[in-house]
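> sharing a model prediction with you, sequence too.
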Number of protein chains: 4
Amino acid sequence: MALTAQQLDDISHARGDRRETRRPTVPALEEVLFQPFNVLDHGFVRVVDYMGDDAAVVQAARVSYGRGTKKVSEDRGLIRYLMRHHHTTPFEMAEIKFHVKLPIFVARQWIRHRMASINEYSARYSILDKEFYIPEEDKLAAQSTSNRQGRGEILVGEEAHKVLDILRGDAERTYEHYAWMLNENDDGTVPDTQRQGLARELARMNLTLNTYTQWYWKADLHNLMHFLRLRADRHAQHEIRVYAEAMMKILELWVPLTYEAFLEYRLDAINLSRSGLAVVKRMIGGEKVTQTASGLSVREWNELMSSLGLPSA
Amino acid sequence: MALTAQQLDDISHARGDRRETRRPTVPALEEVLFQPFNVLDHGFVRVVDYMGDDAAVVQAARVSYGRGTKKVSEDRGLIRYLMRHHHTTPFEMAEIKFHVKLPIFVARQWIRHRMASINEYSARYSILDKEFYIPEEDKLAAQSTSNRQGRGEILVGEEAHKVLDILRGDAERTYEHYAWMLNENDDGTVPDTQRQGLARELARMNLTLNTYTQWYWKADLHNLMHFLRLRADRHAQHEIRVYAEAMMKILELWVPLTYEAFLEYRLDAINLSRSGLAVVKRMIGGEKVTQTASGLSVREWNELMSSLGLPSA
Amino acid sequence: MALTAQQLDDISHARGDRRETRRPTVPALEEVLFQPFNVLDHGFVRVVDYMGDDAAVVQAARVSYGRGTKKVSEDRGLIRYLMRHHHTTPFEMAEIKFHVKLPIFVARQWIRHRMASINEYSARYSILDKEFYIPEEDKLAAQSTSNRQGRGEILVGEEAHKVLDILRGDAERTYEHYAWMLNENDDGTVPDTQRQGLARELARMNLTLNTYTQWYWKADLHNLMHFLRLRADRHAQHEIRVYAEAMMKILELWVPLTYEAFLEYRLDAINLSRSGLAVVKRMIGGEKVTQTASGLSVREWNELMSSLGLPSA
Amino acid sequence: MALTAQQLDDISHARGDRRETRRPTVPALEEVLFQPFNVLDHGFVRVVDYMGDDAAVVQAARVSYGRGTKKVSEDRGLIRYLMRHHHTTPFEMAEIKFHVKLPIFVARQWIRHRMASINEYSARYSILDKEFYIPEEDKLAAQSTSNRQGRGEILVGEEAHKVLDILRGDAERTYEHYAWMLNENDDGTVPDTQRQGLARELARMNLTLNTYTQWYWKADLHNLMHFLRLRADRHAQHEIRVYAEAMMKILELWVPLTYEAFLEYRLDAINLSRSGLAVVKRMIGGEKVTQTASGLSVREWNELMSSLGLPSA
């Protein structure tokens, strides 16, 4: 379970309150505000605050005095224009804040995105919960033989069982030792009054990297899309991609026009290199081009053919 | 006048709308939302959106599931603790967006603060209004004789008149020439159909640096305070300090607990160097310390005495 | 003239010194170190320091203990791989510092790139030189009729002469008034001892936006390429593009492998949107696709046809 | 041992090379270039490249054409002035790049400093070495009873032994399981050809947080000092402070004038709040001030008395 009864109660209370504002609101996002979207076995993503909407992008691009919106069709056209021509600053004018629960090894990838604000639950100050990520069986992939940072087939049988036993067993044992070293119950009492208990900032080093942590993560719309472009990509590690996918759904609720333009010009678009463009021109001209005649390496040729829906070399 | 009837009307309309939200609101800030605070002769600052409040700082520091607030006194204590110990990340969790109208030479100082998002009115794309900053007579200061980047006494008499005539005359003339070179009326018609009109991106170079521009400027609470610490300081140039002072009032409405801590630990606090601290210790011990015996330069000694409310060397 | 005899002498002295270092060096860049590349009528770009080379990118990508380089062909392959797959962090590991002299209106565009360090010559503290940008006759473009932020045909005849007269005359007059208000000679003496002279921080506001300023500008290789991608683009304003073009030559001297990959995968590459990709697939399949059947707007269709070297709608 | 024979050999080779450069060099830093400074049981810090020196700060502040240096005494004065008045941009003009080996839980604190460039050894791509941090006996501290994120007394006797046994045992076992799951020898051969081996990006999650990782970390002088101010502070966790202390020594070799000013105005300086300043003024005036009459909380009063070298409440 990702959340305790107390936590669900806190969320429910927060959702119950309504206030009046002069600020723009997004009813579709308000509808899911504070609600956790479950990710992996114990993680979640939930929106805890936001500022602005599609119209805020338009308003900033026009430096306008009012809401800046004329007709939806005009706003849509401007947003697509801005996205297409990499006029990124207006997309910085909307902001969103998430509360995320995630395994530490995922957090270590995520934090590489520096243009965001973060407050993480502190294991120097507090005690981490006993929760760790154990992959589902169909995610237990072998090392890819072709790609040094990719996954291959799914492990099965004896090896799969053994791996799951190891992951569970080691996480359990290291957590129990962590708790023993802390020598401190949840309510602050001390199990063994003959011992002092190791400092929290030291004891935590015994935990494994699949232990869950949590943080508040805040980014503007431009940097959120940059994050999603890299992490919702099929080359991203599965365990971070599922977070990105949950956030894609939130993006669609929040800024539907921007979301549509993001798919069109970023996520579903391709970058065609100078040499790749030359190949495409020849093909459109009716020429039969082969990899050897293309000037591209085999790998690049295959990437290009895959993008064009053609058979690879 | 800083705003046209149309602009005031747009603002009034925006202020008229109310919506329901689950997000935290700050009634005192809602009260002035969208309203321009006049600054200098044609400038203004107005809040166009915000996210979070004092409780958002607390909530992030605690990585909490609900609003995070217990009692005002506890929130106040935590905010003061965070400010005192330079735990700055929770202050990044609140965000504010301003619309600002300001002279270009002020904009050039302002933009040095990089941790903010900006959309400026484009003089490549649009035509700038005929508005320029002319200092009030009591702000027409001579060059300081002691500080190379400071102001001295106020100019008076003939010299003052001549300076104001120059500033007004040159701004008027360069603007008229700008308009002539553009050869384009407000409604898009062309005054002289025999001429083509110079490109906007070139014509603008004839304007003087006191011409007004405007932009949307968005920053988080931490970076806003960093800006205010430097620009509301008495060493800041008067023409940017008046903007910072208007924003200080907005800060007080928005996050009163943070504002109070900001005064206590930043704006009204002093940094005491190692040598300055040694002097203070000796003075508290009852010793009569002189500048020559202090190890401080005359300038640093005077700065220290001034901070301590004591006569300088 | 961009530089005085004294400045040229300072540069010449700096170039004369040689030292021994254990750091990687780039002889081709050392060759031009400190030398100004002239840009526009009074501007320049010159490299004042640098750190790293192509091998530094490779070394960081491999987190290696030695120089990281094996064979040039392997380094080249890795750099192309990193560029193609947007693994941008290794490119942050090389750094370059420029000294640039440029018109203020160009500086205002340039500074929008926030991921760089800047120290600008201070007109609060010092007196600006009497130098302003006057376009060459073949750069005196009319406003584009099709693109609101573009240029059209070159102005000729009477209108061109008048525009140049205005630009020269207004810059001269406003500068003379600036000097009069300052009431201070180069050597610090005072022309009119009956007057106090206006503070520098105020007098500067009378200057026009084509006045030259100068700054030290430092960026890492990744952010430099981001700057060049936007500013060496044909949509960039001519007056900033010429700086970007001078820096492109420097980039080629400094990191030839990265430069080559930058052309291949960025500058000479195109972004093909989802809809654009669908059109290309149909064309490769031998279908005759028209704009109306493409799902693209006329503008996007024309952009795509132009990229593919085909006639537009 | 922090380094293998092969790594030491790579370093030794890199140190052997000398080249000629026109750039400024710092002989004292060249002397230790590439050399590892040992930190903790298996970690190190070593400088792999640098750009600029004290004079580069001066040169940028003056936007000068030559080296900018006049006399050491003038440079020193200017650097102290810049530091004292928080003119931070000239300090961004010098840059340094480190190679650091450090436990993962330390890396997680370190990476919170976003204004730096990082390339970390990838455990998605490569196999981590079997090295983990085990505290020395005199660093095995109990949880502080007064400070929730601090350390108290040193553990002794049975409890200490048991803690060390746990840390060693769990790290050993989880690493062995990691290696088993990978099913891959150092030379790429496969121990058990009947098994596929788990993907590296998954297997790593079984490692404990005291496992060593390594990265290239590059920052400018301003941001380096910001890092050091927080991490060389006595409130920083011991395991990161020892890295900061090693870097302080490097800072002194690299930029001795900046280092001196950094101690004077930052590290050994104190921030005196408005209320604290009021207390100091009264004390200097000869008044006996008590905590209750001071307006300060007990905690703040004690912090102030400690700074002033006076007995606390």
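Received it, and whenever you're ready, just let me know what you need.

> give me the longest helix you can find in chain A.
Using DSSP state H to define each element, chain A has its longest helix at helix A:157-182.

> buried sites along that helix?
A:159-160, A:162-164, A:166-167, A:170-171, A:173-175, A:177-182 (16 or more other Cβ atoms under 10 Å in any protein chain shown). All C-beta atoms are positioned from the backbone trio N, CA, C, and that covers glycine.

> what's the angle from that helix to helix D:157-182?
Following axes from the mean of the first three to the mean of the last three Cα atoms, to 10 degrees, one obtains 160 degrees for the angle between helix A:157-182 and helix D:157-182.

> next, see if helix A:157-182 gets close to chain D.
Yes - counting by Cβ under 8 Å from any Cβ of the partner chain, chain D has neighbours in helix A:157-182: A:159, A:163, A:166-167, A:170-171, A:173-174, A:177, A:180-182.

> show me what secondary structure element comes after that helix.
Following helix A:157-182 in sequence order, the next helix or strand is helix A:200-203 (DSSP states H and E).

> that older thread, now the longest helix of chain A: mean pLDDT?
Helix A:157-182 comes out with an average pLDDT of 97.

> can you work out which other helices and strands pack against it?
The contact analysis (3 or more Cβ pairs under 8 Å, 6 or more residues apart in numbering or on different chains; DSSP states H and E) places helix A:157-182 against helix A:200-203, helix D:157-182.

> would TSV of those with distance to residue D:49 be doable?
Output for these, formatted as TSV (distance: least, Cβ to Cβ, whole Å):
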stretch	distance to residue D:49
helix A:200-203	32
helix D:157-182	32
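
> now do the contacts for residue A:100.
Shown in contact with residue A:100 (Cβ atoms under 8 Å, 6 or more residues apart in numbering or on different chains): A:43-46, A:214-217, A:243.

> looking at the residues you listed, which are in helices?
The members of the contacts of residue A:100 that map onto helices under DSSP H are residue A:243.

> got the contact list for the residue positioned nearest the centre of chain A?
Nearest to the mean C-alpha position of chain A, counting by Cα atoms, centre = their mean, stands residue A:244 at 3.2 Å. By Cβ under 8 Å, 6+ apart, the contact set of residue A:244 is A:227-228, A:231-232, A:236.

> now with 7 Å, please.
If a contact means Cβ atoms under 7 Å, 6 or more residues apart in numbering or on different chains, then residue A:244 has A:228, A:231-232, A:236 as its contacts.

> sorry, back to before: now the contacts of residue A:100 as a markdown table including pLDDT, distance to chain B and neighbour count?
As requested, the contacts of residue A:100 are exported to a markdown table (pLDDT from 0 to 100; distance: Cβ to the nearest Cβ, whole Å; neighbours: other Cβ atoms under 10 Å in any protein chain shown):
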| residue | pLDDT | distance to chain B | neighbour count |
| --- | --- | --- | --- |
| A:43 | 97 | 14 | 24 |
| A:44 | 97 | 11 | 20 |
| A:45 | 98 | 14 | 23 |
| A:46 | 97 | 9 | 22 |
| A:214 | 97 | 6 | 21 |
| A:215 | 97 | 6 | 20 |
| A:216 | 97 | 5 | 26 |
| A:217 | 98 | 10 | 26 |
| A:243 | 98 | 17 | 27 |
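
> for residue A:149, state which of the contacts of residue A:100 is nearest.
For these, the closest approach to residue A:149 (Cβ to Cβ) belongs to residue A:243, at 18.5 Å.

> looks like that closest one contacts residue A:45 (just checking).
Yes - if you go by Cβ atoms under 7 Å, residue A:243 and residue A:45 touch, sitting 5.9 Å apart.

> could you check how many residues crowd around residue A:94?
30 (other Cβ atoms under 10 Å in any protein chain shown).

> quick check: the gap between it and residue B:266.
Noted for residue A:94: a distance of 29 Å to residue B:266, by Cβ to Cβ, to the nearest Å.

> next one: residue A:254
For residue A:254 relative to residue B:266 (Cβ to Cβ), the value is 34 Å.

> same deal with residue A:255?
35 Å.

> which of the two has more residues huddled nearby?
With neighbours defined as other Cβ under 10 Å, residue A:255 and residue B:266 compare such that residue A:255 has more, 28 against 17.

> was I right about the more buried one contacting residue A:53?
Yes - at 6.1 Å, residue A:255 counts as touching residue A:53 under the criterion of Cβ under 7 Å.

> residue A:153 - nearest residue in space that isn't next to it in sequence?
Excluding its sequence neighbours, the residue lying closest to residue A:153 (Cβ to Cβ, 6 or more residues apart in numbering or on different chains) is residue A:142, at 5.3 Å.
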